[in-house]
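Trainee: just to be clear, the model below is a prediction. Sequence and coordinates:
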Amino acid sequence: MLQEFVVEALELATQVEDNLLALESQPGSHDILNAVFRAFHTIKGGAGFMNLPSVVAACHLTENLFDALRTGAAPVTQHAIDVSLEASGFVADQLAALSGGASPDQLREMPAALEQALTQAIKGVAEAPAPAQAPAPVAAAPAAVESPAPVAEGGIDWLAYYQALLPAAQLAAAADLPPAAEPVVAQPAAPEPPEPDRRGVPDRRSGRDDRRGEPVPAQEGQPQAVAGKEDSLRVRADKLDALLEVAGESVQAANQAGALFEKLMLFKQEDEAGPLMSALAETLQRAARYTSELQRATLATRMQPVGRLFQRFPRLVRELSRDLGKQVELVIEGAETEVDRVVVDSLYDPLVHMLRNSLDHGVESAEKRLAAGKSEKAKISLRAWQEAGSVVIEVADDGAGMDPARLRNKALATGLIGEHAAASDDEALQLVFLPGLSTKDQASSVSGRGVGMDVVKTTVEKHRGTIRIDSTLGQGTCFSIRLPIELSIVPTMLVSAGEVLVGMPMSAVERVIELPDELMSVGGAPVFRDQGRPMPVRSLAGVLGYERREERLGIVVASASKPYILGVCAVEGTADLVIKPLAAVHARGIAGTARSAEGSLVLILDVAFLMSGGR
């Protein structure tokens, strides 16, 4: 039950942060003020039930503050928003610790500085002139829980929990008092405490009982909530992964059965066997169709909108731009774009590095922007969309842009490249991904150590993706990440490397060429001129450590830094394979294994290995 509360409370904490950031631009929005108040109120009620005093204290103080803000007793100020963001961050940290396995008694207490800041904010609110009209009755709800109540056996304050869930009017009705009565808590025996074995709490505001997903009957004088059935269900991620693995195996089994049937049809059939073979063919086709639909439906359960990832960045940009003394607006588009949850979980750190670099390196100060004829406030856009079976995530700014010559000179000075490397501007821009390269002379707490963009490239290539840079001096920079929508199914080209069947991800394959009997030699290494470009030729079998055989075909690998050719014995075709990562052993250049339609074992090459030149 604790973990269920943590998951739901974390969602509320995320919503609180989004609403607080929106409140900066819409300080007069009563909808936002009420939403923040309700979220803290709900978290406080559940935290009281779970005996989490530090979370209750932080939520209670912030709830009191927003009660005054929403009733007009005090204006919405930047200080109030800052303190509330700090409180929501503390609550989120506490919940994250619980989600990570910490027990409630291991949680730290609310910092004295935060408590003091909230208390001072509330005192300031109390001294503000009250509005002419009396506050709404619901505003009395926080006051009802200020009086301490005895804690029942087991350490749970049932009375406080009960009161935290009900508006003032319902508390008054439960105590058999008129709604205008002040001392709602004066008769603690009136409300009947819940039983300790309750598995959930009814949300009176939404009209839904989390215990059974059934509507809660509305009280007299309260608006009737719109009834609706549950359209979502929480399932552990490992269960979905297991289901996807079974679905993938079912597809592979159906494909193998189809391949065996085709071989069986090559044999002569007797008269009585003909109808049976026709029925078998129809059954196999139906099985293949249903297993494919099962796999697609299972894959859909792993898809999540990138908005779940994007919503974590407005606060990051807000606080970092304030620390740097810059005015920056973050524009988010395409938050509804769906991608595999593994991609969503793994892209947080790369996007953080890219945003920090845009803020620190790309965006100029207000003075420089005005001198360049730009607006004082810079713009950073974070966009996502689907395109041809891939998802594209773009981080762009309208800052100073990147200087290819400066990058090239910096890499030469630090010994990261040779004299003749990175001849073109596109190649020079790719130098930003070299570990240890930074254009800043002195490292700061934000950037300058030359490790962030290296992490970006490594993570993107790990998920069979590519990254592109477009930059214009004085106008800005755009980073485009392209990733496959599905990670568990790999479109591959099947090739023979010696006696081994190998699958090359199609994202790394540019085209197939025929190699001559003899290759040119440059510096003792074989080279083939393709479309006017000299490219090194490497044996795939030799790279993987297998016995080399005659290789008359070459695969042009679309490496971002420098294309090259991998020699193979034969190309067996293409297939969409379900990859299984290698967990127990580490094989150089191998990302995982799969089964072909004939049942043969296929070694799937690592995209990052291919992109790095097969070294």
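Mentor: It's in. Numbers count the residues shown, from 1 in each chain.
Trainee: end to end on stretch 522-535, go ahead and measure it.
Mentor: 10 Å (C-alpha to C-alpha, to the nearest Å).
Trainee: what residues sit buried inside stretch 600-615?
Mentor: 602, 603, 604, 605, 606, 607, 608, 609, 610, 611, 612, 614 (16 or more other C-beta atoms under 10 Å). The C-beta positions use only the backbone N, C-alpha and C, and glycine is treated the same way.
Trainee: which pair of these spans the longest distance?
Mentor: 602 and 612 (21.6 Å; C-beta to C-beta).
Trainee: can you report how many residues lie near residue 562?
Mentor: 14 (other C-beta atoms under 10 Å).
Trainee: is the residue lying closest to it once chain neighbours are set aside in a helix, a strand, or coil?
Mentor: Closest residue in space to residue 562, ignoring its immediate chain neighbours: residue 613 at 7.1 Å, by C-beta to C-beta, 6 or more residues apart in numbering. Secondary structure, DSSP: H, G, I helix; E, B strand; the rest coil: residue 613 is coil.
Trainee: surely residue 613 is in contact with residue 559?
Mentor: Yes: between residue 613 and residue 559 there is a contact under C-beta atoms under 8 Å: 6.3 Å.
Trainee: returning to what we had before: for the buried residues of stretch 600-615, which one is nearest residue 99?
Mentor: Nearest member of those to residue 99, counting by C-beta to C-beta, is residue 608, at 30.4 Å.
Trainee: next, the contact list for the closest one, please.
Mentor: 458, 461, 462 (C-beta atoms under 8 Å, 6 or more residues apart in numbering).
Trainee: what's the answer for residue 338, then?
Mentor: Residues near residue 338 by C-beta under 8 Å, 6+ apart: 303, 304, 305, 306, 386, 485.
Trainee: quick check on it: phi, psi?
Mentor: With angles defined as degrees, to the nearest 10, residue 338 sits at phi -100, psi 150.
Trainee: beta partners of it?
Mentor: Legend: beta-bridge partners of residue 338 under DSSP bridges are residue 305.
Trainee: for it, give me the pLDDT.
Mentor: Confidence at residue 338, expressed as pLDDT, is 87.
Trainee: again, but for residue 80
Mentor: At residue 80, pLDDT is 83.
Trainee: which stretch of helix or strand covers it?
Mentor: Assigned by DSSP states H and E, residue 80 belongs to helix 78-99.
Trainee: now do the buried residues in stretch 33-44.
Mentor: Neighbour-count burial for stretch 33-44, counted by 16+ other C-beta under 10 Å, picks out 33, 35, 36, 37, 38, 39, 40, 41, 42, 43, 44.
Trainee: only alpha carbons, please: show that stretch as PDB.
Mentor: Provided in PDB are the C-alpha atoms of stretch 33-44 (Å, rounded to 0.1, in the frame of the first residue of the first chain):
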ATOM      1  CA  LEU A  33      -4.000  28.000  -7.400                       C
ATOM      2  CA  ASN A  34      -6.800  25.500  -6.600                       C
ATOM      3  CA  ALA A  35      -5.000  22.700  -8.400                       C
ATOM      4  CA  VAL A  36      -1.900  23.200  -6.300                       C
ATOM      5  CA  PHE A  37      -3.900  23.500  -3.100                       C
ATOM      6  CA  ARG A  38      -5.700  20.200  -3.800                       C
ATOM      7  CA  ALA A  39      -2.500  18.400  -4.700                       C
ATOM      8  CA  PHE A  40      -0.800  19.300  -1.500                       C
ATOM      9  CA  HIS A  41      -4.000  18.600   0.400                       C
ATOM     10  CA  THR A  42      -4.200  15.100  -1.100                       C
ATOM     11  CA  ILE A  43      -0.600  14.200  -0.600                       C
ATOM     12  CA  LYS A  44      -0.900  15.400   3.000                       C
END
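Trainee: tell me which residues are up against it.
Mentor: With C-beta under 8 Å, 6+ apart, stretch 33-44 has contacts from 9, 12-13, 15-16, 19-20, 23, 55-56, 59-60, 62-63, 66-67, 69-70, 76, 84, 91, 141-142, 164, 203, 205.
Trainee: try it again at 6 Å.
Mentor: By C-beta atoms under 6 Å, 6 or more residues apart in numbering, the residues outside stretch 33-44 that reach it are 9, 12, 15-16, 19, 56, 59-60, 62-63, 66, 69-70, 164.
Trainee: hmm, which of those are the buried ones?
Mentor: By 16+ other C-beta under 10 Å, the contacts of stretch 33-44 give 9, 12, 15-16, 19, 56, 59-60, 62-63, 66, 69-70, 164 as buried.
Trainee: residue closest to the middle of this protein?
Mentor: Central residue of the chain (C-alpha atoms, centre = their mean): residue 344, 3.0 Å from the mean position.
Trainee: thanks again, I'm all set now.
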